[in-house]
Structures are given as C-alpha cells and as structure tokens.
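> For reference, the sequence and a predicted model appear below.
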Amino acid sequence: MKVLAGLIACAALAGCGSPRLASAPSEGPTIVSLNPCADAILAEVAAPGQLLAISHYSHAPAATSMDLAKARTLLATGGTVEEVLALDPDVVVGSTFMDPATVKAFERLGMQVETLGIASTVADSKAQVQQLAAVAGEPERGEALIGRIDAALAATAHDGTSVSTVLWQDGGIVPGEGTLVAELMEHTGLASHSAARGMRQADYLSLERLLSDPPELLLVAGNERAQSHPALAQLGDMRTEPFASNLLYCGGPSIIRAVERLAQVRAAHHPQTPSSEEEGASARRANHPLLFRGGGRGVVELRQ
C-alpha cells in the first residue's frame, strides 16, 4: 500500500522531485496537515519523518506562519482527499471549518482527523500545542515549544505607561478585544486605540477617522492604498511602523516573533511632551486641514 501510495503521490502532488517526502519514522503516527497554523506547530513538535505534508499556504511568502525555507523542505498539498490519500497518513489535521463531508471521507479511509479552531488567547494556543504534540506522540517537544513561548513572553512584558496604538490590517480593519494579537499588544505595553473608541473585531477604520483621531503609534499590517496615503506622513506626532501580516494569523511559534516585534516598536517609542491629549489632537487637526467629500472610504482631496 505504501509503495502504491508513493507512486500516486508523485502524480498527485506538485513538485514530484523536490521537496522530497521524508521517510516515515519508526515510531509515532504519520501526519498530513491541511491547517497553516497547525503546520507551524507540527514543524516544531513532530519527530523527523512524521510530518508528510503541510498546507500550500505555508509555501506562500506572505501567508506562511513558519520559516519559509523550512516550509519548502516539506511537501505541500491543496487539501484534496485524493492528495491526502496518496500520502496515506495515519492522521489528518485540519480546521474546525473543514467540510463535514471531507472529514467523513478521511475517517472512512481509516484516517484519524484532528481539528484546530482559532486561538483567541495565549492559553488557547498553548493548548493547541499540547494537543498536536500529543497527537504526534511527542509531548516533550510540545512542552519545549511552550517553554520558548513563555520565555519570549517573560522577556517582552511591559508594565509601564502604555502607548496608544492602532494595528491597521489588510482590508483596513482593526483587531478587537478578545483576540490573540490584542492580548499580545497589551502584554507589550501597546494599548488598543481602536478598542478604546468602541471598535470591535474586524471593524473598518477609514483613513478619515484615523487622521481626525490619530494614535501615538500606527502599526501597518497591509498594503491598502489608504495605508500609504501622504496625509499620514503629515502627522508628525504619530509614529508609523510596519508589522508583518503573517504574524497575525496563528499562535504557536508565531507568538514568539509577534511579541518580539511588538516589544521592539514599543521600546523605540519616544513620546512627545504635549500639554494634554486633547490639545495635541486639536493641534493636529489645525495643522493638517483635510477636505473629505461624500463620506466615503477614500480621501478625495488633500489641501496643503
């Protein structure tokens, strides 16, 4: 069966020659991951040879939540039953949004199916690490990864004055309270400016609203036209920093890189010395008058 599966895999998977499918380990189940967040965790906790394939998202530079070079040493699938069957794994790891018919198809073929939801907290993410490490039969590797996450959190904790911050994501949206990135921002001393204004998860933040009520720090995690508008550069007392979008998608090892980046921008923040927040906001509006038309999302005219 394994020999036949290998021949089918060569035809079904893109890149038959490289990357190469690693030989199966002597112990522990073989695993195919269809979940990009699981990809990153399993790459850390599975033993060599256990992880037969990962999702195609992890081969994309803008989407991967794991080291790209490491991801490209592993096969990737498009997530079809045929591709997974060709690899003949013991376990398939997907998301809680997986089509129930697909789950049943895998189970009928004798494969164990594990699913992961969205990790909304650090605690959720640690539980997922433990779940996948248990599936792989490598609980010690899972605890080692959790130890690295804890060490990164301890090294980046900030208990001083918080910096008012907007995290402006792809699509012009902001994160709400009760999300993993919001917890990491608070942990590193970055207070959510949008949440303080009553905005919730995935609410749209227009350029007009941002310019009329700017934060101290703007983290840009996207490439929307508004996110590079020249009016942003005129807000001299608002600092703008890039933030990689792929640090927003998953927990696990991504937490380490995310808190390190957030702590880096927090440490580099040198606040101005205005008399008050209200006076500073008033001065910004006076110095940078804007003419908006129609109440839409875009800035129609910028008056110098």
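Nice, I can see it. Residues are numbered from 1 along each chain as shown.

> State the distance from residue 70 to residue 173.
30 Å (Cβ to Cβ, to the nearest Å). C-beta here means a position set from N, CA and C on the backbone, and glycine is covered the same way.

> Who has more neighbours out of the two?
residue 173 (19 against 15; other Cβ atoms under 10 Å).

> That one touches residue 200, doesn't it?
No - if you go by Cβ atoms under 8 Å, residue 173 and residue 200 don't touch, sitting 10.1 Å apart.

> how about low-confidence regions in the protein?
Along the chain, the parts satisfying pLDDT under 70 run over 1-26, 271-304.

> Would you map the strands across it?
31-33, 51-55, 75-77, 91-95, 112-116, 163-169, 173-174, 190-192, 203-204, 217-221, 239-242, 290-291, 301-302 (DSSP state E).

> The second one vs strand 91-95, what angle?
Angle, strand 51-55 to strand 91-95, by axes from the mean of the first three to the mean of the last three Cα atoms, to 10 degrees: 20 degrees.

> Identify each buried residue in stretch 102-109, please.
102, 105-106 (16 or more other Cβ atoms under 10 Å).

> Restricted to helices, list these.
102, 105-106 (DSSP state H).

> can you put these in a markdown table and add distance to residue 256?
Formatted as a markdown table, those follow (distance: Cβ to Cβ, whole Å):
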| residue | distance to residue 256 |
| --- | --- |
| 102 | 32 |
| 105 | 35 |
| 106 | 31 |
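
> Pick the one among these closest to residue 212.
Set against residue 212, the nearest of those by Cβ to Cβ is residue 102 (46.9 Å).

> residues touching that closest one, list them.
Neighbour list for residue 102: 81, 94 [criterion: Cβ atoms under 8 Å, 6 or more residues apart in numbering].

> where's it relative to residue 59, distance?
21 Å.

> C-alpha coordinates for stretch 183-198, PDB please?
Taking C-alpha atoms only, stretch 183-198 is exported to PDB below (Å, rounded to 0.1, in the frame of the first residue of the first chain):
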ATOM      1  CA  GLU A 183      -3.600  40.200  24.200                       C
ATOM      2  CA  LEU A 184       0.000  40.400  22.800                       C
ATOM      3  CA  MET A 185      -0.300  44.100  22.300                       C
ATOM      4  CA  GLU A 186      -1.500  44.700  25.900                       C
ATOM      5  CA  HIS A 187       1.300  42.400  27.200                       C
ATOM      6  CA  THR A 188       4.000  44.500  25.400                       C
ATOM      7  CA  GLY A 189       2.600  47.900  26.500                       C
ATOM      8  CA  LEU A 190       0.600  48.800  23.400                       C
ATOM      9  CA  ALA A 191      -3.000  50.000  24.300                       C
ATOM     10  CA  SER A 192      -5.500  49.500  21.500                       C
ATOM     11  CA  HIS A 193      -6.600  52.900  20.400                       C
ATOM     12  CA  SER A 194      -9.400  51.500  18.200                       C
ATOM     13  CA  ALA A 195     -10.900  49.300  21.100                       C
ATOM     14  CA  ALA A 196     -10.800  52.400  23.300                       C
ATOM     15  CA  ARG A 197     -13.000  54.100  20.700                       C
ATOM     16  CA  GLY A 198     -15.500  51.200  20.800                       C
END
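
> Now do that stretch: distance to the chain's middle.
17 Å (Cα atoms, centre = their mean, to the nearest Å).

> what comes into contact with it?
121-122, 153, 156-167, 174-177, 182, 203, 205, 213, 215-217, 219, 255, 258-259, 262-263, 265-266.

> Please pick the buried ones from the residues you listed.
122, 153, 156, 158, 162-167, 174-176, 182, 205, 215-217, 219, 255, 258-259, 262-263, 265-266.

> before we move on, back to that, which one of the buried residues of stretch 102-109 is nearest residue 74?
The closest of those, once distances to residue 74 are taken by Cβ to Cβ, is residue 106, at 19.6 Å.

> first vs last residue of stretch 236-245, how far apart are they?
25 Å (Cα to Cα, to the nearest Å).

> Buried residues, that stretch. List them.
Applying 16+ other Cβ under 10 Å to stretch 236-245 flags 238-241, 243 as buried.

> can you list contacts of that stretch?
62, 167, 169-170, 214-222, 232-233, 261-262, 265, 269, 272, 274, 280, 284.
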